[in-house]
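> just a sequence and a predicted model for now, questions to come.
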Amino acid sequence: MSDKPPSMQSLIAFEATARLGSMTAAAEEERTTQPAISQRIRALEELLGLPLFDRQGSRLNLTTQGERFYREIAPNLKGIREACEQLTHHGNRPSPSIVIAAGSGFTHLWLLPRLPALKRAFPDFTFKLAPIDRVDDPEMQAADIAIRFGPYVPQDKGRLVASEAVFPICSPDYAKERGLSAVLTASDLPHLSLLHQDIKDPRWLDWAQWCRHAGLGLTPGDDVFAYRNYALLLNAALAHQGVALGWSILVEDYLASGQLVALGPQVTREDYGYWLSVKHHRSTVIEPISDWLINAVRR
């Protein structure tokens with residue numbers, strides 16, 4: 001036998017002919033001609049130095065060596081063929097798209113920075129982030145995964161992502177300039193610029209509500225500047241313009257980097273937090289992604 005390996009064409013021609021019992025049938029399957037199949041098999045026999053088919057009579061039968069050779073190569077060729085078909089099918093199929101809806105603050109401050117890691121963990125999917133602040137928005141209801149802030153709602157069958165924890169935050173420079181200690185007191189508030197998000201949503205604490213929950217016994221005065229969204233409010237705090245209320249999961253990266261500092265006291269409300277619910281329960285596609293998001297928060 002020659003040291004040169006047989007060509008794939010010759011192996012395929014032999015396998016198809018042996019399986020179908022006819023060079024003509026093999027030619028139809030491989031979309032070529034019967035003489036081409038015959039030529040490829042002849043080349044394989046010459047390379048191996050032995051006949052693979054008994055060509056006596058009208059039927060085409062495998063020789064003993066041909067039968068053994070067929071049993072050896074047929075499973076391997078089948079495996080190669082199936083692998084190619086799966087790869088082609090997968091390559092032509094668009095990646096499944098997963099829509100994750102959450103409040104704009106959570107989307108921009110927590111989800112977006114972690115989107116690259118999510119894509120690395122699930123490379124076969126594409127992800128669309130939908131920043132939606134109203135829980136009754138139809139897009140929130142239609143999302144594959146929805147992360148809502150507020151009290152626990154039993155009918156949503158939500159899983160707790162993070163409990164509510166709210167505390168004052170400001171830049172280190174602002175804290176130093178105003179001489180703020182680790183915990184704010186009622187006497188501190190009248191001398192601070194309080195940054196407030198201008199939303200009419202009872203789920204979120206404003207400064208007046210936070211003061212009541214913190215037991216400070218003082219409602220802030222008129223020096224309350226309102227911002228349209230939470231990202232703008234944080235930018236103002238980063239720019240040393242005042243003190244904002246920080247939800248721990250939204251500001252954790254800024255605290256870790258030292259760009260913002262946390263002040264006390266911390267306020268929590270029973271059953272309030274971020275809740276994750278899915279459109280299709282027990283989905284083998286969605287559940288691993290949901291688990292990844294919850295574990296990422298807890299890490």
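Great, that's in hand.
> residue ranges of the helices in the stretch 151-299 of the chain, please?
Ranges of helices within the stretch 151-299 of the chain are 172-178, 207-214, 230-238, 248-257, 286-298, based on DSSP state H, counting those that start in this stretch.
> for the residue positioned nearest the centre of the chain, which non-adjacent residue is spatially closest?
The centre of the chain sits closest to residue 118, judged by C-alpha atoms, centre = their mean, with a distance of 3.9 Å. Nearest residue to residue 118 in three dimensions, chain neighbours excluded: residue 127, at 6.2 Å (C-beta to C-beta, 6 or more residues apart in numbering). Quick note: C-beta positions are derived from backbone N, CA and C, even for glycine.
> same thing with residue 60?
residue 53 (5.5 Å).
> dump the residue contacts of that neighbour.
17, 41, 60, 61, 62, 63, 66 (C-beta atoms under 8 Å, 6 or more residues apart in numbering).
> quick one, phi psi at it?
Per-residue torsions, residue 53: phi -120, psi 140 (degrees, to the nearest 10).
> follow-up on the earlier one: ok but the residue nearest to the centre of the chain is inside a helix, no?
Yes. Membership of residue 118 in a helix is supported by DSSP: H, G, I helix; E, B strand; the rest coil.
> quick one: terminal-to-terminal distance for stretch 50-61?
Stretch 50-61 has its terminal residues 14 Å apart, counting by C-alpha to C-alpha, to the nearest Å.
> give the buried residues for it.
52, 53, 60 (16 or more other C-beta atoms under 10 Å).
> what of stretch 162-176?
162, 164, 165, 166, 167, 168, 169, 170, 171, 174, 175.
> ok, the first one touching residue 248?
Yes. Under the contact definition of C-beta atoms under 8 Å, residue 162 touches residue 248, with a separation of 7.3 Å.
> give me the common contacts of these two.
Counting by C-beta under 8 Å, 6+ apart, residue 162 and residue 248 have no shared contacts at all.
> show the average pLDDT along the lengthiest helix in the chain.
Identified as the longest helix of the chain according to DSSP state H is helix 64-92. Mean pLDDT, computed over helix 64-92, is 80.
> elements contacting it?
Counting contacts by 3 or more C-beta pairs under 8 Å, 6 or more residues apart in numbering; DSSP states H and E, helix 64-92 packs against helix 8-20.
> any residues touching the helix it packs on, and which ones?
23, 25-26, 29-30, 36-37, 40-41, 43-44, 47, 52-53, 60, 62, 66, 69-70, 73-74, 77.
> change it to 6 Å
For helix 8-20, the surrounding residues in contact (C-beta atoms under 6 Å, 6 or more residues apart in numbering) are 23, 26, 29-30, 37, 40-41, 43-44, 62, 70, 74, 77.
> ok, then the element right after it?
The helix or strand immediately downstream of helix 8-20 is helix 23-29, counting by DSSP states H and E.
> using CSV, write down the CA coordinates of that next one.
Once non-C-alpha atoms are left out, helix 23-29 reads as follows in CSV (Å, rounded to 0.1, in the frame of the first residue of the first chain):
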residue,chain,number,x,y,z
MET,A,23,-22.5,2.9,-8.6
THR,A,24,-25.4,4.5,-10.4
ALA,A,25,-27.3,5.1,-7.1
ALA,A,26,-24.1,6.4,-5.5
ALA,A,27,-23.6,8.8,-8.4
GLU,A,28,-27.1,10.2,-8.0
GLU,A,29,-26.6,10.7,-4.3
